[in-house]
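> sharing a sequence plus its predicted fold:
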2 protein chains.
Amino acid sequence: MGSREADKAIAAADNYNKLLKSRGMRDDIRGMSNVEAAKSADVVIVAVRYQFAIETLQSVAGELDGKVVVTPIVPMSKQKLCAYTPPSEGSAARHICSVLPPNVRVVVAFQTLPAPRLADLDDPMGFDVIVCSDDEEAKKVVMGLVSDLGDVRPLDGGGVEEAKLVESLTPLLINLAIKNKTKPLSIKFV
Amino acid sequence: MGSREADKAIAAADNYNKLLKSRGMRDDIRGMSNVEAAKSADVVIVAVRYQFAIETLQSVAGELDGKVVVTPIVPMSKQKLCAYTPPSEGSAARHICSVLPPNVRVVVAFQTLPAPRLADLDDPMGFDVIVCSDDEEAKKVVMGLVSDLGDVRPLDGGGVEEAKLVESLTPLLINLAIKNKTKPLSIKFV
């Protein structure tokens, strides 16, 4: 886990490890700076808000050569309900691709996993996760990681061009939970 | 059922009635011209392609005063995969609202019901259908019609402003079925 301030990542990792240990699970999450995290990772998941995404990626771009970079990022605004507000590039994923070296293997995934559901280790899940990339091998790597989550099915959503169809699911899920007074919702294709 | 040519609607209605009768179900679907259909309906479902939607609605606009008009319409283009291609109004629904008298009660629904699944009377369904409208009473009418379909859950998706989040689900569903070689897919929120 990386953070702009390594101390914060270390403290968060400690908390996660305590939770994992209490359940008899492997407790080897390590906290560090963003640069160290990018350097030591094979797959980098950029789990930051859209407004900080470009700055964060640029601060670690030197460590991303040839690596898989996963964007779960969604540009959105909220008034009474949420709206999808993509940049002029067409999607956050396209914007991210435009600021990274061409050999970075960008993959779009995890837009429809609500954080509180993922954080609840007792949630039965049963979700689908759509994965998009122009790099078929990188897409397969991330589809494998999705399967590792448990009862979660990875689905191929196409290339980076299709990212906007996936990114716009997040405001939809938030709106449905608000209007229908449900728990945070995820998605399943039937 | 309406058609630009009443004969076509009559023939289609005959076919549906035969199917219904063979299953011991009520066989009283009637075919007629679009104008007659709009005139005799309380709720009008505009099940035509986006490219014909405005022209079709304008041809029956005189019959829609105060009525509920449901749009399942999605503007999209297809090359290798499908893309959502909304007009400058922001969505097909907004475009439709802009050409109808203000007292027509526009409701967005049924974008995620694949026609072949709906046509298969043995399909177990288990879908969700998102319904959006700025007219809460009209929204409730259509959510009731959704429930009448069987094992289908209506969900409130907000107003016409939110229509684009729903319309963009259709190209996503088509792409997922193509890329993952599945049957035509619908959606469920879990």
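Received the coordinates, thanks.
> and the biggest helix by length in chain A, what's buried?
What stands out as the longest helix in chain A, according to DSSP state H, is helix A:6-22. Using 16 or more other C-beta atoms under 10 Å in any protein chain shown as the burial criterion, the residues of helix A:6-22 that qualify are A:6, A:9, A:13, A:17. C-betas here are computed from N, CA, C, even on glycine.
> and the next element down the chain from it?
strand A:32-33 (DSSP states H and E).
> circling back to that earlier point, the longest helix of chain A: how far from the chain's middle?
Taking C-alpha atoms, centre = their mean, to the nearest Å, one finds the center of helix A:6-22 at 19 Å from the center of the full chain.
> local confidence estimate at the residue nearest to residue A:104 when sequence neighbours are not counted?
If you skip the residues right next to it in sequence, residue A:104 has residue A:64 as its closest partner in space, 4.8 Å away by C-beta to C-beta, 6 or more residues apart in numbering or on different chains. The model reports residue A:64 with a pLDDT of 97.
> the helix or strand bottoming out on mean pLDDT in chain A packs against which elements?
When the helices and strands of chain A are scored by mean pLDDT, DSSP states H and E, helix A:115-119 comes last with a mean of 91. Taking 3 or more C-beta pairs under 8 Å, 6 or more residues apart in numbering or on different chains; DSSP states H and E as the contact definition, helix A:115-119 has no neighbouring helices or strands.
> need the residues that contact it.
Applying C-beta atoms under 8 Å, 6 or more residues apart in numbering or on different chains, the set of residues contacting helix A:115-119 from outside is A:123, A:125, A:127, A:149, A:183, A:184, A:186.
> so who does the fourth one touch?
Read it as residue A:149. Residue A:149 makes contact with A:118, A:125, A:129 under the criterion C-beta under 8 Å, 6+ apart.
> where does chain A come near chain B, residue by residue?
Counting by C-beta under 8 Å from any C-beta of the partner chain, the residues of chain A lying close to chain B are A:81, A:83-84, A:126-127, A:130, A:155-159, A:161-162, A:164-166, A:168-169, A:171-173, A:175-176, A:179-180, A:182, A:185-190.
> please repeat the previous calculation with a cut-off of 6 Å.
Residues of chain A found near chain B (C-beta under 6 Å from any C-beta of the partner chain) are A:81, A:126, A:155-156, A:158, A:162, A:165, A:168, A:172, A:175-176, A:179-180, A:185-186, A:188-190.
> all helices for chain A, in order.
Taking DSSP H as the criterion, chain A carries its helices at A:6-22, A:34-40, A:50-60, A:92-99, A:115-119, A:136-148, A:163-167, A:169-180.
> for the last one, name the packing helices and strands.
With contacts taken as 3 or more C-beta pairs under 6 Å, 6 or more residues apart in numbering or on different chains; DSSP states H and E, helix A:169-180 sits against strand A:82-84, strand B:152-158.
> and it, which residues are buried?
Buried residues in helix A:169-180, counting neighbours by 16+ other C-beta under 10 Å, are found at A:169, A:170, A:171, A:172, A:173, A:174, A:175, A:176, A:177, A:179, A:180.
> how about these in JSON lines, adding distance to residue A:38 and pLDDT?
What follows is the buried residues of helix A:169-180, written out as JSON lines (distance: C-beta to C-beta, whole Å; pLDDT from 0 to 100):
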{"residue": "A:169", "distance to residue A:38": "27", "pLDDT": "98"}
{"residue": "A:170", "distance to residue A:38": "24", "pLDDT": "98"}
{"residue": "A:171", "distance to residue A:38": "29", "pLDDT": "98"}
{"residue": "A:172", "distance to residue A:38": "31", "pLDDT": "98"}
{"residue": "A:173", "distance to residue A:38": "29", "pLDDT": "98"}
{"residue": "A:174", "distance to residue A:38": "29", "pLDDT": "98"}
{"residue": "A:175", "distance to residue A:38": "34", "pLDDT": "98"}
{"residue": "A:176", "distance to residue A:38": "35", "pLDDT": "98"}
{"residue": "A:177", "distance to residue A:38": "33", "pLDDT": "98"}
{"residue": "A:179", "distance to residue A:38": "39", "pLDDT": "98"}
{"residue": "A:180", "distance to residue A:38": "39", "pLDDT": "98"}
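> now tabulate the residues you listed in CSV and tack on distance to residue B:26.
What follows is the buried residues of helix A:169-180, written out as CSV (distance: C-beta to C-beta, whole Å):
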residue, distance to residue B:26
A:169, 38
A:170, 42
A:171, 40
A:172, 35
A:173, 37
A:174, 40
A:175, 36
A:176, 33
A:177, 37
A:179, 33
A:180, 31
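> and the residues you listed, which is closest to residue A:88?
Ranking the buried residues of helix A:169-180 by separation from residue A:88, with C-beta to C-beta as the measure, puts residue A:171 on top at 18.6 Å.
> how near is that closest one to residue A:178?
Taking C-beta to C-beta, to the nearest Å as the measure, residue A:171 falls 10 Å from residue A:178.
> please enumerate the shared neighbours of these two.
Contact criterion C-beta atoms under 6 Å, 6 or more residues apart in numbering or on different chains; residues shared by residue A:171 and residue A:178: none found.
> skipping adjacent residues, who's closest to residue A:95 in space?
By the measure of C-beta to C-beta, 6+ apart, the closest residue to residue A:95 outside its immediate chain neighbours is residue A:89, 4.3 Å from it.
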